[in-house]
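sequence unavailable; structure follows:
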């Protein structure tokens, strides 16, 4: 059973850490460091599986679009929630109507990209170049935009920025554009989601 495997795996790891038991000799219990790490990883994996815990994945340092340009590609109308675009070059890429909820685009160059009607809830747009990026009717609720270049955004009409922390000077600049529209998904007016007066 899973618990039996977990017990054996964990016991092996504990013994390897604690040293030999009184009934064994030091020579029979010497475990190379690489094996010890593998056993520790196996124990942690077995424990996570036994507890039915969610598996956490590290955010990749780079993406396919970082090594091979994805400029001008069309990702429209797709569910992209299993993808990542970390540090990618996505200039003029089209994401119209796509689902990017929770997706990381961290550090990507999104110059003139089009996210019209896209779901970007809880997406990571930190340190992205958003020059000319279109967010018309997009839902950015809870998205991360820290460190992003937002000085010259494209169309933001009908977009929802609820719970997005935007630097005050950038937010003031966005409000100075007198943003119009109501997001069709959330029902929130763009100006209200940006706390424009």
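Sure, I can see it. All of these numbers come straight from a predicted model, not from anything done at the bench.

which positions in stretch 65-72 come out as buried?
Judged by neighbour count (16 or more other C-beta atoms under 10 Å), stretch 65-72 contains these buried residues: 65-66, 70. Yep, even glycine has a C-beta here, placed from its N, CA and C like the rest.

gap between residue 91 and residue 182?
Per C-beta to C-beta, to the nearest Å, residue 91 is found 30 Å from residue 182.

of these two, which one has the most company?
residue 91 (20 against 17; other C-beta atoms under 10 Å).

what's the separation between the more buried one and residue 130?
Here the criterion is C-beta to C-beta. By it, residue 91 lies 11 Å from residue 130.

who touches both of these two?
With contacts defined as C-beta atoms under 8 Å, 6 or more residues apart in numbering, the residues shared by residue 91 and residue 130 are 110-111.

spatially nearest residue to residue 74, not counting backbone neighbours?
Closest residue to residue 74 apart from its sequence neighbours, by C-beta to C-beta, 6 or more residues apart in numbering: residue 94 at 4.6 Å.

for the one you found, give me its contacts.
73-76, 113-114.

again, only this time at 10 Å
Going by C-beta atoms under 10 Å, 6 or more residues apart in numbering, residue 94 touches 72-77, 113-116, 118, 134.

show me where this protein has its helices.
Here the chain has its helices, by DSSP state H, at 2-18, 26-29, 33-50, 64-67, 168-176, 190-193.

from residue 169, how far out is residue 113?
Applying C-beta to C-beta to residue 113 and residue 169 gives a distance of 23 Å.

who has more neighbours out of the two?
residue 113 (29 against 10).

what about residue 74, how many neighbours?
Other residues within reach of residue 74, judged by other C-beta under 10 Å, total 13.

how about it, what does it touch?
Neighbours of residue 74 in contact, by C-beta under 10 Å, 6+ apart: 92-96, 98, 114.

among these, which pair sits farthest apart?
Largest separation among those by C-beta to C-beta: 92 and 98, giving 15.0 Å.

need the contact list for the closest residue in space to residue 127 that isn't next to it in sequence.
Take residue 127 and drop its neighbours on the chain: the residue closest to it by C-beta to C-beta, 6+ apart is residue 147, 4.2 Å away. The contact partners of residue 147, by C-beta under 10 Å, 6+ apart, come to 106-107, 125-128, 167.

if I look at residue 147, how far off is residue 175?
Distance, residue 147 to residue 175, using C-beta to C-beta: 20 Å.

show me what contacts the residue nearest to residue 132 when sequence neighbours are not counted?
Spatially, and ignoring its direct neighbours in sequence, residue 132 is nearest to residue 112 (4.2 Å; C-beta to C-beta, 6+ apart). By C-beta under 10 Å, 6+ apart, the residues touching residue 112 are 71-72, 90-93, 129-134, 154.

what subset of the residues you listed is buried?
For the contacts of residue 112, buried by 16+ other C-beta under 10 Å: 90-93, 129-134, 154.

no further questions, thank you.
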